[in-house]
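Chemist: give me coordinates for this.
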Amino acid sequence: MHEMNEGECRALLTRSSMGRLGCAQDNQPYVVPVCLVYEPDYIYAFSTLGQKILWMRANPKVCIQIDEIETEFRWKSLIVNGRYQELVEPKFATERSRARQLLESRHRWWLNALGQRHSKSSKELLITPLFFRVQIASMTGVCAVENEDQGCPTS
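Modeler: Presented below is the predicted three-dimensional model:
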């Protein structure tokens, strides 16, 4: 295994569209898949009101984990630590618009959040879209390679 440098970590973030968001409340961790998009210093995501949002409002320290797996001997894994920031209007109207614009570049970016909310209720619900970002505080990544003389693969 090799440690990834900052450029390799950012390259993995740039090409990733899914990750796992980790948050915690009262010493209980909670991890969920999220559709995401990276822009320097921030990771943007979309959700609806639920457990993860309530927990992140109470404790904004979060992490995001991203994997890129080719084989069991050739993979990359990245952990981003940061701070949750809800993009509420009107205060964050510009940032919210930017988040939506970035996320719309991803195929079916809204499906996880809205699909999960619909499946939890048989009644029609008013589902309010919620955009948020994670301000990146630190990131670390490792990769596995088949040949020990190789560094981390670039793709």
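
Chemist: please state the backbone phi and psi of V62?
Modeler: The phi/psi pair for V62 (degrees, to the nearest 10) reads phi -130, psi 170.

Chemist: state the pLDDT value of it.
Modeler: As predicted, V62 sits at a pLDDT of 98.

Chemist: who's in contact with it?
Modeler: 21-23, 56, 81-84, 134 (C-beta atoms under 8 Å, 6 or more residues apart in numbering). Every C-beta, even on glycine, is put in place using the N, C-alpha and C of the backbone.

Chemist: of those residues, buried ones?
Modeler: By neighbour count, with 16 or more other C-beta atoms under 10 Å, the contacts of V62 hold 21-23, 56, 82, 84, 134 as buried.

Chemist: in helices, which of those residues appear?
Modeler: The helices, defined by DSSP state H, take in M56 from those.

Chemist: before we move on, back to that, what's the closest of the contacts of V62 to E6?
Modeler: Taking C-beta to C-beta as the measure, E6 lies nearest N81 of those, at 14.0 Å.

Chemist: hmm, back to that, nearest to L103 among the contacts of V62?
Modeler: For the contacts of V62, the nearest to L103 is V134 (13.5 Å; C-beta to C-beta).

Chemist: okay, the closest residue to the closest one other than its chain neighbours and M56: tell me how far apart.
Modeler: Closest residue in space to V134, ignoring its immediate chain neighbours: G82 at 4.1 Å, by C-beta to C-beta, 6 or more residues apart in numbering. Here the distance between G82 and M56 works out to 11 Å (C-beta to C-beta, to the nearest Å).

Chemist: once you drop chain neighbours, what's closest to I53?
Modeler: I53 sits nearest to S47 (C-beta to C-beta, 6+ apart), 5.8 Å away.

Chemist: the one you found against M56, yeah?
Modeler: No - counting by C-beta atoms under 8 Å, S47 does not reach M56; the two are 9.2 Å apart.

Chemist: what residues are shared contacts of those two?
Modeler: By C-beta under 8 Å, 6+ apart, the residues touching both S47 and M56 are F132.

Chemist: how far away is the residue nearest to V134 from G22?
Modeler: 11 Å.

Chemist: what residues are shared contacts of those two?
Modeler: Taking C-beta under 8 Å, 6+ apart as the criterion, G82 and G22 both touch 62-64.
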